[in-house]
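Asks: just the structure for this:
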Amino acid sequence: MKKDFNNWWEEINYFQKEMQKFMKHISEGKVGFTEFGEETWVPYCDIFETPQHVVIVIELAGVSPQEVEVIIEGKKLTVKGQRKELPYSSKEAYHLMEIRFGPFYREVNLPEEVEEVRAKYSDGFLIIEGLKNIRERKISITQEI
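Replies: Below is the predicted model:
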């Protein structure tokens, strides 16, 4: 029987990402393993910059915005909450089970501190946008005597 390469590759890729998170977790000296618990899942995240903003996009399909908590402390962003299971009467014979339900937790370091932070939920994505701490100062030049 021939093995489905795409499925095998996805399993290896997932394992690699989990190991990277684990190694990062250990290297940062964090206490506890909330992020890696059996029932806690970690949503995918993109972080990028524009000239004026730091933008964080977190994939949270099926999560109600009321079930999400966003905390920013300095350069650390924490997003946590819960995705509730779908209300099906009988789920006895799964053929494939990849969607995670229950509590989630994601903590990331931002490239710099932000202010005037806004968050919106659109099409299954939580989009957090923070204004970079850009302070323009005019510097006067003195003439040598």
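
Asks: CA only for contacts and neighbour counts going forward, please
Replies: Will do.

Asks: per-residue pLDDT, Leu77?
Replies: pLDDT for Leu77: 95.

Asks: okay, now the domains of this protein?
Replies: What automatic domain parsing lists as the domains of the chain is 1-31, 32-85+96-132.

Asks: so how far is the helix or strand hosting Glu18 from its chain's centroid?
Replies: Assessed by DSSP states H and E, Glu18 sits inside helix 5-27. Taking CA atoms, centre = their mean, to the nearest Å, one finds helix 5-27 lying 16 Å from the centre of the chain it belongs to.

Asks: beyond it, next helix or strand please.
Replies: Criterion used, DSSP H and E; the element after helix 5-27 is strand 45-49.

Asks: can you pull up the most central residue in this structure?
Replies: In the chain, the centroid-proximal residue (CA atoms, centre = their mean) is Cys45; its distance is 3.9 Å.

Asks: for Tyr105, what are its contacts?
Replies: Thr34, Glu35, Thr40, Trp41, Val42, Pro43, Thr78, Val79, Lys80, Gly81 (CA atoms under 8 Å, 6 or more residues apart in numbering).

Asks: ok, of the residues you listed, which come out buried?
Replies: For those, a burial check counting by 16 or more other CA atoms under 10 Å picks out Glu35, Thr40, Trp41, Val42, Pro43, Val79, Lys80, Gly81.

Asks: OK, contacts around the fifth one?
Replies: Taking CA under 8 Å, 6+ apart as the contact definition, Pro43 lies against Ile58, Glu59, Leu60, Phe104, Tyr105, Arg106.

Asks: let's see 10 Å
Replies: If you count contacts by CA atoms under 10 Å, 6 or more residues apart in numbering, Pro43 has them with Ile58, Glu59, Leu60, Ala61, Val79, Lys80, Arg100, Phe104, Tyr105, Arg106, Glu107.

Asks: which residue in the residues you listed has the weakest pLDDT?
Replies: Arg100 (87).

Asks: beta-bridge partners for the closest residue to it other than its chain neighbours, please?
Replies: What sits nearest to Arg100 in space, not counting adjacent residues and going by CA to CA, 6 or more residues apart in numbering, is Trp41, at 6.6 Å. Note on Trp41: beta-bridge partners by DSSP bridges are Phe104.
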